[in-house]
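Asks: Here you go, sequence then predicted model.
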Amino acid sequence: MLLRLILCGALLGLNGWASAQPQPQRACGHLRSAFYEYGALYYKAADGSWTGIDKDVVDEVARRLGCTIEAITDSRVRIWAGLNGGTVDMSVSSLSTPEREKFARMVPYLAERNYVLLHKDVSASIRSMDDFLADPNIKIGVIKSFRHGKAYDVWLDRLRAQGRVYEAPDYEAMLRLFKVGRVQAVMAISSGWYPLLKQDQMNGNYRIMDWAPPKDVLVGGLILSRQRVDEALATRISHTIRAMREDGTLRRIFERHLDAELASRLLHF
């Protein structure tokens with residue numbers, strides 16, 4: 001009997017010791033991340049493969065957590081519908097709003113500003129949002145479902161009321177409207193207009209106007225479906241992004257696709 005008690009005590013001690021040891025993190029399995037084409041965030045490389053800031057961030061999160069994250073490419077409208085309907089696990093470089101928070105969580109990884117790109121033929125007298133509003137002959141293109149910050153969104157609603165806003169399904173469609181003269185301006189963040197500097201058709205054909213208040217910064221990040229990604233995994237993803245920022249990985253990713261100055265700005269979130 002004494003020997004049995006001693007053995008039981010030893011086993012209980014071993015169990016207690018084992019439970020106190022750090023347990024390996026569970027891999028996050030298979031997820032589907034929806035991407036949308038936009039400037040340096042997500043674009044086709046010379047060999048036809050997809051690349052960009054958003055893809056590099058997701059790939060690094062997958063590597064660190066041991067996930068398989070399947071990439072799909074779609075329009076922003078369908079992506080939001082999929083997140084809301086529970087058919088998409090996550091998406092990228094998204095802004096949080098009270099409506100979106102009802103069905104998704106946001107994990108920030110970049111800060112941006114919106115700019116107005118004016119065609120070179122637009123009068124030099126157009127120097128502000130009020131100047132733009134006062135000229136009924138100029139129109140602007142945006143991507144449907146995008147948010148642009150408080151000041152720009154109020155301004156765009158006033159232009160919509162005048163029938164002066166064209167809603168494009170994606171970035172390329174918006175740029176086509178600009179190139180053919182259907183609109184005389186487009187909205188773009190810095191990681192959106194930066195690649196345009198390298199395009200012969202666009203270089204020198206526009207002026208970049210910064211009309212938003214200095215504090216009107218847009219914080220974008222991974223958007224995680226509440227239906228498909230539980231809180232524990234969302235927390236692990238958030239910790240991973242934070243570690244990527246602290247160890248310089250985010251900066252290195254940004255600098256692969258932007259110049260050093262713009263890359264630095266994206267870290268101010």
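Replies: Perfect, I can see it now. This is a predicted model, so every value here is computed, not measured. Residues are numbered from 1 along each chain as shown.
Asks: Can you show me the helices along the stretch 51-200 of the chain?
Replies: Assigned by DSSP state H, counting those that start in this stretch, the helices in the stretch 51-200 of the chain fall at 53-65, 76-85, 98-101, 129-134, 150-161, 171-179, 190-193.
Asks: Please produce a markdown table containing the ones you listed, extended by mean pLDDT.
Replies: Converted to a markdown table, the helices of the stretch 51-200 of the chain look like this (pLDDT from 0 to 100):
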| stretch | mean pLDDT |
| --- | --- |
| helix 53-65 | 97 |
| helix 76-85 | 94 |
| helix 98-101 | 94 |
| helix 129-134 | 98 |
| helix 150-161 | 96 |
| helix 171-179 | 92 |
| helix 190-193 | 89 |
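Asks: Show me the one of these that comes nearest Lys215.
Replies: Nearest to Lys215, of all the helices of the stretch 51-200 of the chain, is helix 150-161, at 9.8 Å by Cβ to Cβ. The way it works is simple: take the backbone N, C-alpha and C, and place the C-beta from them, glycine included.
Asks: Quick check: which helices or strands does the closest one pack against?
Replies: helix 129-134, strand 140-143 (3 or more Cβ pairs under 8 Å, 6 or more residues apart in numbering; DSSP states H and E).
Asks: Any idea how far that helix is from the middle of the chain?
Replies: Its chain's C-alpha centre and that of helix 150-161 lie 22 Å apart, by Cα atoms, centre = their mean, to the nearest Å.
Asks: Please identify the buried residues of it?
Replies: Tyr152, Trp155, Leu156, Leu159 (16 or more other Cβ atoms under 10 Å).
Asks: per-residue pLDDT, the residue lying closest to Asp210 once chain neighbours are set aside?
Replies: Closest residue in space to Asp210, ignoring its immediate chain neighbours: Tyr115 at 5.5 Å, by Cβ to Cβ, 6 or more residues apart in numbering. As predicted, Tyr115 sits at a pLDDT of 95.
Asks: residues contacting Tyr115?
Replies: Met187, Ala188, Ile189, Ser190, Trp193, Ile208, Met209, Asp210, Trp211 (Cβ atoms under 8 Å, 6 or more residues apart in numbering).
Asks: same question, Tyr166
Replies: Residues near Tyr166 by Cβ under 8 Å, 6+ apart: Lys139, Ile140, Gly141, Val142, Met174, Leu177, Arg182, Val183.
Asks: Name only those of those that count as buried.
Replies: Lys139, Ile140, Gly141, Val142, Met174, Leu177, Val183.
Asks: okay, the third one: pLDDT?
Replies: So that's Gly141. For Gly141, the pLDDT comes out at 97.
Asks: likewise the last one?
Replies: Predicted confidence (pLDDT) for Val183: 97.
Asks: Could you check how far it is from Ser128?
Replies: 18 Å (Cβ to Cβ, to the nearest Å).
Asks: buried sites along stretch 91-107?
Replies: Buried, per 16+ other Cβ under 10 Å, within stretch 91-107: Ser91, Val92, Ser93, Ser94, Leu95, Ser96, Arg100, Ala104, Arg105, Met106, Val107.
Asks: how about a markdown table for the contacts of Tyr115, with neighbour count and distance to Arg251 added?
Replies: Below are the contacts of Tyr115 laid out as a markdown table (neighbours: other Cβ atoms under 10 Å; distance: Cβ to Cβ, whole Å):
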| residue | neighbour count | distance to Arg251 |
| --- | --- | --- |
| Met187 | 21 | 26 |
| Ala188 | 27 | 22 |
| Ile189 | 23 | 18 |
| Ser190 | 20 | 15 |
| Trp193 | 19 | 20 |
| Ile208 | 13 | 23 |
| Met209 | 18 | 27 |
| Asp210 | 11 | 23 |
| Trp211 | 17 | 28 |
